[in-house]
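Undergrad: here is a sequence with its predicted model. Questions after.
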Amino acid sequence: MEKDVTELLSTLRDLNLPWIAEEIEEAIHSGKSIKKEIPEIYGGRKTKKASMIVPLSGEEQLILCFETIKAYFVDLSDIWEKAIENIQQTEKLATAGVQISEIDSKEPITLFMPAYVDQKVKLADLITEGLQS
Amino acid sequence: MSRQQIINDITASLRAIAPNIPVLSSATRTDKIYEIFILSCVVRALNSLGAQLEARDSNDNSTSTLIFRLGPGLIYNPASTPGFIYINYQGREYELQNSIRVLGHSNVLHELDVCIISRAEAVNCRRNQIDPKQAQVKLLLECKFYGATLPLNLGREYLGLGTEFSLRIKTMVSNQASDEIHALITKHRGTENFNISTVNPTNVDMFIQWLANELRQVLI
């Protein structure tokens, strides 16, 4: 596995987020499907398309890692904000609060802390830079 | 900035930010956020059709707070059941539900991420402490939030779920896409809606329009 990817996965595990690291690892181990042309049996010069699984390159592994981190650490909060906006745009739901609770509880679970907002912008910029480098 | 410097900075940023995103403590929580986002897309579709919508709690009372739950609920058990959205479309009543368990063709219970069921069925089930049946489901959306790629087993699971529910509007929705899952699902006459997230607002708008067109025909 790409050294930089290993480093990022190790960080995710240190942060007690092993499930994100495992998702990235499984995606890398699954490789990717490509199409290739192979000669037809008894077909002379004719070829046909077939598919095969190939490993991801180091660059592809790193991109996958960056994109996964972006999805969970950046995009997810945008999705939550948009969900609330969508629900509240309806006249009779305009003042409705939306929360997530454990089974058998009415207490809302905390999703994002206030300090996260500024940190998200910085991380998003770094990931964009990483994807462009 | 060098590649190594970027990795170092991202690592430092992750260490600073992680404690401020408690939602990442489990995949169940991130899945729930995506389910509610997709439910909110159904709300927009219904709103565009002029349906009357109202927030209800798990006891079927009007509420000012929609409570969604981290786990599947039985419609007749208020402690485990989430709130829902009551729908009145041209005089016909339905409920937009999240994560409730419904009986499939085999009489086995399945958790449906987002669904619309007939109001009469839901009321009857709450009153008699029984599970809703698949025949009363009008919409079924299986929601998958993933980081970068979708594992193929999700497509297989969706096909299995689809055989348990005979209805026009059933689809797999995800923030990601997979050519293999697309091929698998469409080969079996299923539908998928991939790349549905705030990253692709045009896709979200098209998805909502598709939902509205389908619901217009099913909810009459």
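TA: That came through, no problem. Residues are numbered from 1 along each chain as shown, chains lettered A, B, ... in the order given.
Undergrad: got the contact list for the residue in chain A positioned nearest to chain B?
TA: At 2.9 Å from chain B, A:T68 is the closest residue in chain A, using CB to the nearest CB. No exception for glycine: its C-beta is placed from N, CA and C like everyone else's. If you count contacts by CB atoms under 8 Å, 6 or more residues apart in numbering or on different chains, A:T68 has them with A:20, A:23-24, A:27, B:147-148.
Undergrad: show me those that map onto helices.
TA: In helices, defined here by DSSP state H, the members of the contacts of A:T68 are A:20, A:23-24, A:27.
Undergrad: from the residues you listed, which are also near chain B?
TA: Contacts with chain B are made by A:20, A:23-24, A:27 out of the ones in helices among the contacts of A:T68, judged by CB under 8 Å from any CB of the partner chain.
Undergrad: need those residues in CSV with distance to B:L53, can you?
TA: Shown next, in CSV, are those (distance: CB to CB, whole Å):
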residue, distance to B:L53
A:I20, 35
A:E23, 35
A:I24, 39
A:A27, 38
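Undergrad: which stretches of chain B form helices?
TA: B:3-17, B:27-48, B:119-128, B:152-164, B:179-187, B:201-218.
Undergrad: in contact with the nearest residue to B:R101 once chain neighbours are set aside, which residues?
TA: Nearest residue to B:R101 in three dimensions, chain neighbours excluded: B:L109, at 4.4 Å (CB to CB, 6 or more residues apart in numbering or on different chains). Applying CB under 8 Å, 6+ apart, we find B:L109 in contact with B:101-103, B:131.
Undergrad: show me what counts as buried in the helix ranked longest in chain A.
TA: Across chain A, the longest stretch assigned as helix under DSSP H is helix A:116-132. By neighbour count on 16 or more other CB atoms under 10 Å in any protein chain shown, the buried set for helix A:116-132 is A:116, A:119-120, A:123-124, A:126-127, A:129-130.
Undergrad: tell me the mean pLDDT over stretch A:107-119?
TA: For stretch A:107-119, the mean pLDDT works out to 94.
Undergrad: show me the residue at the heart of chain B, geometrically.
TA: Using CA atoms, centre = their mean, the residue of chain B that lies closest to the mean C-alpha position is B:V114, 3.2 Å off.
Undergrad: closest residue of chain B to chain A?
TA: For chain B, CB to the nearest CB, closest residue to chain A: B:G147, 2.9 Å.
Undergrad: report pLDDT for that residue.
TA: Listed pLDDT for B:G147 reads 95.
Undergrad: so where do the helices sit in chain A?
TA: Taking DSSP H, the helices of chain A run over residues A:3-14, A:18-30, A:58-70, A:76-88, A:116-132.
Undergrad: A:E26: neighbour count?
TA: 11 (other CB atoms under 10 Å in any protein chain shown).
Undergrad: no no, B:P132
TA: Counted with other CB under 10 Å, residues neighbouring B:P132 total 26.
Undergrad: what do you get for the one 4 residues further on?
TA: B:Q136 sits with 20 neighbouring residues when counted by other CB under 10 Å.
Undergrad: now do B:L53
TA: So B:L53, with other CB under 10 Å, has 19 neighbours.
Undergrad: partner residues bridging it?
TA: As for beta bridges, B:L53 partners with B:I87 under DSSP bridges.
Undergrad: surely it touches B:I87?
TA: Yes - counting by CB atoms under 8 Å, B:L53 does reach B:I87; the two are 6.0 Å apart.
Undergrad: low-confidence ranges in chain A?
TA: Counting by pLDDT under 70, the low-confidence segments of chain A come to A:43.
Undergrad: who's in contact with A:L8?
TA: Taking CB under 8 Å, 6+ apart, one finds A:65, A:69, B:7, B:10-11, B:14 in contact with A:L8.
Undergrad: tell me the most packed of those, by neighbour count.
TA: Neighbour count (other CB under 10 Å) singles out A:C65 as the most crowded of these, with 31 neighbours.
Undergrad: for the closest residue to A:E26 other than its chain neighbours, what are its contacts?
TA: Distances taken as CB to CB, 6+ apart place B:P151 nearest to A:E26, at 6.7 Å, with adjacent residues excluded. Residues in contact with B:P151 (CB under 8 Å, 6+ apart) are A:26-27, A:30.
Undergrad: likewise A:L64?
TA: Contacts for A:L64 were tallied using CB under 8 Å, 6+ apart; they are A:24, A:27-28, A:56, B:147-149.
Undergrad: and what of A:E37?
TA: By CB under 8 Å, 6+ apart, the residues touching A:E37 are A:47-50.
Undergrad: CSV for these, including distance to B:S2 and neighbour count?
TA: What follows is these, written out as CSV (distance: CB to CB, whole Å; neighbours: other CB atoms under 10 Å in any protein chain shown):
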residue, distance to B:S2, neighbour count
A:T47, 44, 12
A:K48, 45, 11
A:K49, 41, 8
A:A50, 40, 10
